[in-house]
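[1] just a sequence and a predicted model for now, questions to come.
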Amino acid sequence: MSSFISKKKVKSNNQNFIVLKFFGFGSITRIVHIIDTVGIARNKITFITLHKNKTLIDLLNLNAIYVKTDTSIALISSLFKLINQIWKTKQSTILDMERVSNLSGIFRLIIGIGKPSCSFYFEPKNTNKKGHRFISLLNKPTTEAIAEMFEKQYTPPITNNLNKTSSNKIFININAGNYFPQRKFSLSKYTELIKELHSENPEWHFYLTGTSSEYEYVELFKNRLISNEIPSSLLFNISGKHNLSEFVNNLKEARVLITNDSGPLHLATFFKVKTVGIWGPTSSHLIGYKDSKQMLNLDLNLECSPCFIHPKSKVAKHCNGNLPCFTSFKPKEMALKINKFVNDY
């Protein structure tokens, strides 16, 4: 297959890009944040993604070709149409952003015949092999690696146009999707944290977010908070009650979002909402954003952290699943940092 790959290098500013990103609600949002930051026009980019991401793609005003997975026939049909459509495009570069997925790698080879292409790998340096570029993800922020795919350099934007509000709406996300549930900060620690925040800010209203499938888990958390003497009148379980566009409109009204590593963290960053990220087995340095007026990262920086670096990482092996990167947090200290961050305009 390598013999078909074009070795001609085309200048990025004249080039169209086809981005392979099948999975990752937050990852797609982060890619668009980087595209905007490094100054690449969105009409130069077409995403190849699953049809279930259409709502997000529409919200972010992106071009996309969808892979349908409802049935085997729909999958095969959409793949054939997709391959044919891409083969017909001229002057396009294939960017595989699936973090060294074998499946996406095979797919990239098929659709990339005659086109320059690029993908991630976990080696110390970037390299070129037979016309294909490999961008290192080893000990490097993903924001920088994504920018390098476009042959650009990422510099965190200055957040002068941060959404500022005196609203008493505090959004709380305790979920982390199904892909990597170890990212969830424990309910007991979250309960202590909210109790500390409430004691200092009795006027705050806590909006507990999630999808419809996460409603019961969030309701369990809400009941825990009530049993810890936080008035039910200040607690709102909004899991599954809004579509994505409605959720974002509500999120923009929040004074702050407090969350573990998750899709909402990237959404809040994209829409310039103050965000507190609670990090454990994953790293804000590698897959998040730097501390700023908009972002506060709470991370204990233990010697064994982060233990999730590669998709095949043995998560929490060193600590036998005890996750001291989460359990060693002191909610009182966390609350002090959050209060200062929220009230510092």
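    That came in fine, so what should we check first? Numbering: from 1, shown residues only.
[2] just the residues contacting stretch 92-110, thanks.
    The set of residues external to stretch 92-110 that reach it, using CB atoms under 8 Å, 6 or more residues apart in numbering, is 1, 10, 12, 15-23, 27, 31, 46, 83, 86, 111-112, 115-122, 137, 146, 149-150, 310-311. For every residue, glycine as well, the C-beta is placed using N, CA and C.
[3] need the helices for the stretch 151-300 of the chain, in chain order.
    For the stretch 151-300 of the chain, the helices defined by DSSP state H, counting those that start in this stretch occupy 187-200, 215-227, 244-251, 263-270, 284-287.
[4] got the contact list for the shortest one?
    So the one you mean is helix 284-287. 139-142, 261, 277, 290, 297, 299, 306, 309.
[5] could you dump those into TSV with distance to Asn343, neighbour count and pLDDT added?
    Listed next are the contacts of helix 284-287 as TSV, based on distance: CB to CB, whole Å; neighbours: other CB atoms under 10 Å; pLDDT from 0 to 100:
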residue	distance to Asn343	neighbour count	pLDDT
Asn139	35	11	89
Lys140	34	17	93
Pro141	28	19	95
Thr142	30	21	95
Asp261	25	26	94
Gly277	18	24	97
Lys290	21	12	94
Asn297	18	19	97
Asp299	21	19	95
Pro306	30	21	91
Ile309	35	17	83
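[6] and which of the residues you listed is nearest Leu234?
    Closest approach between the contacts of helix 284-287 and Leu234, by CB to CB: Gly277, at 23.2 Å.
[7] quick one: the closest one and Ile338, what's the gap?
    Plainly put, Gly277 is 11 Å away from Ile338 if you go by CB to CB, to the nearest Å.
[8] once you drop chain neighbours, what's closest to Ile169?
    Not quite, residue 169 is Lys, not Ile. In space, not counting the residues next to it along the chain, Lys169 is nearest to Ala254; the distance is 4.8 Å by CB to CB, 6 or more residues apart in numbering.
[9] the nearest residue to Arg255 once chain neighbours are set aside: neighbouring residues, count only.
    Closest residue to Arg255 in three dimensions, ignoring its sequence neighbours and counting by CB to CB, 6+ apart: Ser167, at 4.8 Å. Other residues within reach of Ser167, judged by other CB atoms under 10 Å, total 14.
[10] most tightly surrounded among the helices of the stretch 151-300 of the chain?
    Across the helices of the stretch 151-300 of the chain, averaging neighbours per residue (mean count of other CB atoms under 10 Å) puts helix 263-270 on top, at a mean of 24.
[11] residues in contact with that one?
    Judged by CB under 8 Å, 6+ apart, the contacts made with helix 263-270 from elsewhere in the structure are 24-27, 29-30, 32-33, 60, 171, 173, 177, 209, 248, 251, 257, 259, 274-275, 277, 288-289, 294-295.
[12] stretch 318-328: end-to-end distance?
    Length of stretch 318-328, first residue to last, CA to CA, to the nearest Å: 15 Å.
[13] just the ones of the contacts of stretch 92-110 in strands?
    With strands taken from DSSP state E, the overlap with those comprises 16-20, 46, 117-121.
[14] dump the contacts of helix 284-287 to a markdown table, plus distance to Leu95.
    Written out in a markdown table, the entries for the contacts of helix 284-287 read as follows (distance: CB to CB, whole Å):
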| residue | distance to Leu95 |
| --- | --- |
| Asn139 | 21 |
| Lys140 | 16 |
| Pro141 | 17 |
| Thr142 | 13 |
| Asp261 | 23 |
| Gly277 | 26 |
| Lys290 | 24 |
| Asn297 | 27 |
| Asp299 | 29 |
| Pro306 | 25 |
| Ile309 | 21 |
